[in-house]
Every structure is written in structure tokens, then in C-alpha cells.
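Novice: any chance you can model this:
(one chain, ligands or ions: 1)
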Amino acid sequence: MRYDTQPKASHFVDGAYLEDSAGREMEVIYPASGAVIARLHEATDAVIEKALVSARRAQAEWAALKPVERGRVLRRAADLMRERNRALSELESCDTGKPLSETLYVDATSGADALEYFGGLAGALTGEHVPLGADWGYTIREPLGVCVGLGAWNYPTQIACWKGAPALACGNAMVFKPSETTPLCALKVAEILHEAGAPAGLYNVVQGAGRVGAALVGDARVDKVSLTGSVPTGRKVYAAAADGMKHVTMELGGKSPLVIFDDADLENAVGGAILGNFYSSGQVCSNGTRVFVQKGIKEAFLQRLVERIGQAKIGDPMDEATNFGPMVSEAQRGIVMGYIAQGKDEGARLVCGGEALERDGFYVAPTVFADVTDDMVIAREEIFGPVMAVLDFEDEDEVIARANDTPYGLSAGVFTSDLARGHRVIGRLQAGSCFINSYNDAPVELPFGGAKMSGVGRENAKVAIEHYSQLKSVYVRMGDVEAPF
Ligand code: NDP
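Specialist: This next block holds a predicted model:
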């Protein structure tokens, strides 16, 4: 492999790379070939201990800085990420198998956006003065302490930054555990933050599977847990955090509706459905995987969709012409192929794809099922792969009721040329991150997160500050105390 996939060690703790070969060996596999590209070790108890001790120490030092000084470190880190975008993107592609044509534009760059945005906000985080007649009060916005970040495997750089940037801006430290499937990228985020001036221990990365995550979540020295992952993991982590009354942010899965009315611009609607199902080979939590198409436009939609899927360049992620890569792992390909088999068994009409590709790596062809009904498993469960379910509908009330008939509520999209209808429908859809005549945009300036089982709290935007800080209220009496005796 010609890319720099070899980290100096498995973990980044207390300002330096750290190895402890007593930990279980973890193989990092390049999804486009199946080759082992790095070997790391899971964090031992000693590594976890060092991470937590150094994080607590660094947090006190960091919180004592002027907020603008903290912001400056984050903005310097953003600049370093942008300068190194190509190398970071190549690493992201090695870690995840996502094509460079994606990673060059949405991974380190969106991580840098978060560092820049929250770096800029750091100096503006203030409490307020509250007049109380002769007396008065004020609030102080304080950090929570040590935050734990747990990452999914689909956007390892972005997740490490989306959690780290607001946490650090508020004066917290972070111990981040990437997914064991994609452990490489977060190490670079830690290295860059340290180089930008973050004190040793402020942003630590420890490797391992759920066991390591659970040890961190259960530790009394941890004040907040932010997870990006599946609903079943979310349930476990939320419950463990509740035991210690810790703050949580849960960014979980979805089965989001994308509603296409027959007055929609056909090319844009097809483009939105492609972005919302096949970008990152469908491994995106907010994907609009239930595509409700109004009957009048259905056949034209399917025809144009299949034509455009035929133009996909499936291949080597490192070739910048490639725009569709493999699944992250053999296991994930197996899960996706299982759902495809179930879709066929349930009687959905296979319009295109439906098979694993005959080549090295974990590729699944972009797959579309039509005539899908609400009760089919492929319309109810998150697949997390390139499988679109197209469902028909007749009218607005019907589609809203069906779109909301899911325990999830991460995202929703509407394509229509009637903007009043667009806003009306979005207003009635139960979802946290919505789109009108677009799909899957996630700028740092807009809150991101889910309703219902898809999550708790929001990432990005000013509101993320609420989830990484707490208010202290101070009552100030200006006169004498009147006590009853
Ligand atoms: P998982 O839920 O399997 O894992 C998420 C993280 O939690 C991993 O680092 C995992 O470790 C860790 N973990 C697992 N069990 C525990 C535990 N008991 N205690 C603490 N940590 C634990 O998710 P995936 O990595 O498979 O990612 C796919 C899922 O993530 C999908 O459902 C997707 O929708 C969701 N997702 C949500 C996003 C959002 O913003 N809403 C964005 C991206 C993905 P390990 O896997 O290494 O064992």
C-alpha cells in the first residue's frame, strides 16, 4: 500500500503515541482488497487508566485558559487539517474504503469546519446577568469535565472532530474511542490537536472494541458520553451512563423517508435519492432509504434512476474517478447481502443491483427495490448499505402517516416544486435533520441529530454548546439577610 497507514503506535495518550502490546491484536483491513494494512493493540486497563488520569489533569489546565486562547488552538488545528487534507483523505479512504472523490471533500474538511466553528465560538461563551430587584444573579457556563467519545466506522475523522471540537471549546477534555473497524484516522486528529497547542492529555485516543468503550462509560471520572452508533449500542451506553447520571449525546441509526411528489424536478429528485442512498456506499446514518414516490412520476423516476446508477464508477477508492466503493468490512457486506436476499424473498421488485461484485474487496452493487410495502423488513430496518427501497403513494396525508410510522426519526426529505407544500410536509415529519429539495447536507452551522429512537441531543451549531457545558447560577444579595429567627 503506498499510503501512510502505519500509526506510530496504537493509542495517543498524554500528548504522545503509546503502545501496550499486552492488548489484544486488532487487524486493520483495507475494504477494497481485504488486505491487512496495519496491526494495532486494544487498550489494556493500564492504557485506559493513563488516558483518564491525563485527561483529568489536562482538563483543569485547559479550563483555566482564556476562552480565546482555547479557540486559537482549535483554529490552528483546523488550518493543519486543511493543509494535510490529501494525506488525511488517503488515510480515511484506506480506513473505510470510501473513494477519494468523497474523502477529499467531506471528511477532514468537515472536521476542520467543526474545529474552526467551535474555535471561533469559544471566546463568545458567556453566562448572563439576571436583574432581581435590589438583588441580582448571574450564570457561569462551565465545562462538564472529561467527555468520552465513541465513534462509528463510517466517518471516523468527522466523528472525532464533531465530538472533540465542541467539547474542547467548552473547556472539557476528551477520551475518544474509534470503532475497532476504522481505528486509524482519530489518531491523526489527536496528533494535530497536540501539534496545534492542546495540552498533553486533553484529547486522547484509545483503541478497542465495545469492552473498552464500556470501561470508559462506566468510569466515575467521566462526566459525559457522546456516542455515534446503532440503536442497540445506544440503549446499552445510555443505560450505563444513566447509572452514573452522566450527560449524553446519542447519534444513532435511522430509516429515513425521502418523499418525492410528482411535481418535483425529476433530475434533482433522482440526484437526491442517489445522494441519500449510495454516497459512501449507503453507509450513512441519515440516508433516505425509504423513497416514497408519488404514483404519477414513479416509472419515469425509476427509469432515470437506473440510467444514472449505470453511470456509477465502481472501483479502486484511490482512483479519483471512482465514485462508488466497497462496504467497510466483510461482515457488513454479509449483513447487506442478507437484507437483499430478504427483499427478494418478500416479493419486492429488484430493479437493479442485488449482488456482491466479483472482485477483491467487499463490494455490493448499488441496489434498488421497487413496489416495496411498509411491512417488508427492507422498509423497516436500517440496512446501512447501498439498498434503496422505493414505495408508491397517492396523497400527502397518506405519505406523512406512512413516513412517520417508524421508531426512528433521524432525517427526512421532500422534493416538490410547491414550496408551501415542502415546508408543510417537513413540518409534519417526525425527524431531526430535514431537507427540502436536497438530501444529506450537514454543514457545521446547522444542528444535526435525531428524534425518537434515533438519538438524544444535537451535534454541530451553537446548540452543541448546551450539550458540552452546564450552567452555574449565582444569587447575589445586595442587602442584609432576613432570617425568620
Ligand atoms: P455500533 O453501535 O456497533 O458501535 C458504535 C461504537 O460504540 C463503536 O466504537 C463500538 O465499538 C462502541 N460500542 C459497542 N458496544 C459498546 C458498549 N457496550 N459500550 C461502549 N461502547 C460500545 O455502530 P457501528 O460502528 O456499527 O456504526 C453503524 C451505526 O452507527 C448505524 O446504526 C448508523 O446509523 C449509526 N450512525 C449514526 C450516525 C448519527 O450521527 N446519527 C452517524 C453514523 C453512524 P466497536 O464497534 O469497535 O466494538
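
Novice: how near is Q59 to the ligand?
Specialist: As for Q59, its distance to the ligand is 21 Å (criterion: Cβ to the nearest ligand atom, to the nearest Å). Every residue, glycine included, has its C-beta placed from N, CA and C.

Novice: not counting sequence-adjacent ones, nearest residue to S417?
Specialist: Distances taken as Cβ to Cβ, 6 or more residues apart in numbering place D263 nearest to S417, at 4.8 Å, with adjacent residues excluded.

Novice: quick one: pLDDT of that neighbour?
Specialist: Note for D263: predicted pLDDT of 98.

Novice: pretty sure it is touching V414, no?
Specialist: No. Using Cβ atoms under 8 Å, D263 makes no contact with V414, being 11.2 Å away.

Novice: give me the more crowded residue out of these two.
Specialist: Taking other Cβ atoms under 10 Å, D263 and V414 do not tie; V414 has more neighbours (32 against 13).

Novice: partners of the helix or strand that the more buried one is a member of in the sheet?
Specialist: Secondary structure assignment for V414, by DSSP states H and E: strand 411-415. As defined by DSSP bridges, the strand partners of strand 411-415 come to strand 257-260 (parallel), strand 433-436 (parallel).

Novice: any residue of the host helix or strand of G334 touching the ligand?
Specialist: Using DSSP H and E, G334 maps to helix 330-345. No. Using Cβ under 6 Å from any ligand atom, helix 330-345 never reaches the ligand; the gap is at least 7.8 Å.

Novice: hmm, who's touching that helix?
Specialist: 29, 34, 282-283, 326-327, 350, 353-356, 362-364, 367, 369, 372, 376-378, 381, 383-387, 389 (Cβ atoms under 8 Å, 6 or more residues apart in numbering).

Novice: swap the cut-off to 6 Å and go again
Specialist: Contact with helix 330-345 is made by M327, G354, A356, F362, V364, T367, F369, V377, I378, I383, G385, as judged by Cβ atoms under 6 Å, 6 or more residues apart in numbering.

Novice: next step: those restricted to strands.
Specialist: T367, F369 (DSSP state E).

Novice: now a PyMOL select for only the buried ones of the contacts of helix 330-345.
Specialist: Provided next is the PyMOL selection string for whichever of the contacts of helix 330-345 are buried by 16 or more other Cβ atoms under 10 Å:
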select buried, resi 327+354+356+362+364+367+369+378+383+385
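
Novice: what helices or strands is the strand or helix carrying R304 leaning on?
Specialist: Here R304, judged by DSSP H and E, is contained in helix 298-309. Secondary structure elements in contact with helix 298-309, counted by 3 or more Cβ pairs under 6 Å, 6 or more residues apart in numbering; DSSP states H and E, are helix 266-278, strand 349-352.

Novice: let me know which of the ones you listed is the nearest to the ligand.
Specialist: For the ligand, the closest of the helices and strands packed on helix 298-309 is helix 266-278, at 13.4 Å, according to Cβ to the nearest ligand atom.

Novice: neighbouring contacts of the next helix or strand along the chain from that closest one?
Specialist: If you walk from helix 266-278 toward the C-terminus, the next helix or strand you reach (DSSP H and E) is strand 290-294. Contact partners of strand 290-294, identified using Cβ under 6 Å, 6+ apart, comprise 257-262, 273, 301, 379, 388-391, 393, 399.

Novice: partners of strand 290-294 in the sheet?
Specialist: In the sheet, strand 290-294 lines up against strand 257-260 (parallel), strand 387-393 (parallel) (DSSP bridges).

Novice: so which of those gets nearest the ligand?
Specialist: strand 387-393 (13.8 Å).

Novice: what sits against the spatially most central residue of the chain?
Specialist: Residue closest to the mean C-alpha point of the chain, counted by Cα atoms, centre = their mean, is I159 at 5.1 Å. Each residue near I159 by Cβ under 6 Å, 6+ apart is listed here: G151, T228.

Novice: so which residues of the stretch 101-250 of the chain form helices?
Specialist: Under the criterion DSSP state H, counting those that start in this stretch, the stretch 101-250 of the chain contains helices at 108-122, 156-169, 185-195, 210-217, 231-243.

Novice: between these, which gets nearest to C147?
Specialist: With Cβ to Cβ as the measure, helix 156-169 is the member of the helices of the stretch 101-250 of the chain nearest C147 (4.5 Å).

Novice: does the closest one reach the ligand?
Specialist: No. Taking Cβ under 6 Å from any ligand atom as the criterion, helix 156-169 and the ligand are apart, separated by no less than 7.0 Å.

Novice: and the angle for that helix with helix 185-195?
Specialist: With axes from the mean of the first three to the mean of the last three Cα atoms, to 10 degrees defining the directions, helix 156-169 sits at 40 degrees from helix 185-195.

Novice: so what's the residue count around V351?
Specialist: Look at V351: counted by other Cβ under 10 Å, it has 18 neighbours.

Novice: ditto for G479
Specialist: 7.

Novice: repeat that for the one 3 residues further on.
Specialist: When neighbours are defined as other Cβ under 10 Å, E482 has 6 of them.

Novice: and what of A341?
Specialist: For A341, using other Cβ under 10 Å, the count is 11.

Novice: do you know how far it is from the ligand?
Specialist: Look at A341 and the ligand: by Cβ to the nearest ligand atom, they are 20 Å apart.

Novice: on the pLDDT front, check that residue for me.
Specialist: With respect to pLDDT, A341 has a value of 98.

Novice: what bridges to A389?
Specialist: On the basis of DSSP bridges, A389 is bridged to R290, F369.

Novice: just grab the bridge partners of the residue of the stretch 1-150 of the chain found nearest the ligand for me.
Specialist: Residue of the stretch 1-150 of the chain nearest the ligand, by Cβ to the nearest ligand atom: L150 (4.2 Å). Going by DSSP bridges, L150 is paired in beta bridges with K177, L227.

Novice: pretty sure it is touching S179, no?
Specialist: No. Using Cβ atoms under 6 Å, L150 is not in contact with S179, being 8.3 Å away.

Novice: give me every residue in the stretch 151-300 of the chain lying close to the ligand.
Specialist: Selection of the stretch 151-300 of the chain residues close to the ligand by Cβ under 6 Å from any ligand atom yields 151-154, 177, 179-180, 209-210, 213-214, 217, 227-230, 233, 236-237, 251-254, 285.

Novice: go with 5 Å
Specialist: For the stretch 151-300 of the chain, the contact set with the ligand under Cβ under 5 Å from any ligand atom comprises 152-153, 179-180, 209-210, 213-214, 228-230, 233, 236-237, 251, 253, 285.

Novice: the stretch 1-150 of the chain too?
Specialist: Within reach of the ligand by Cβ under 5 Å from any ligand atom, the stretch 1-150 of the chain has these residues: L150.
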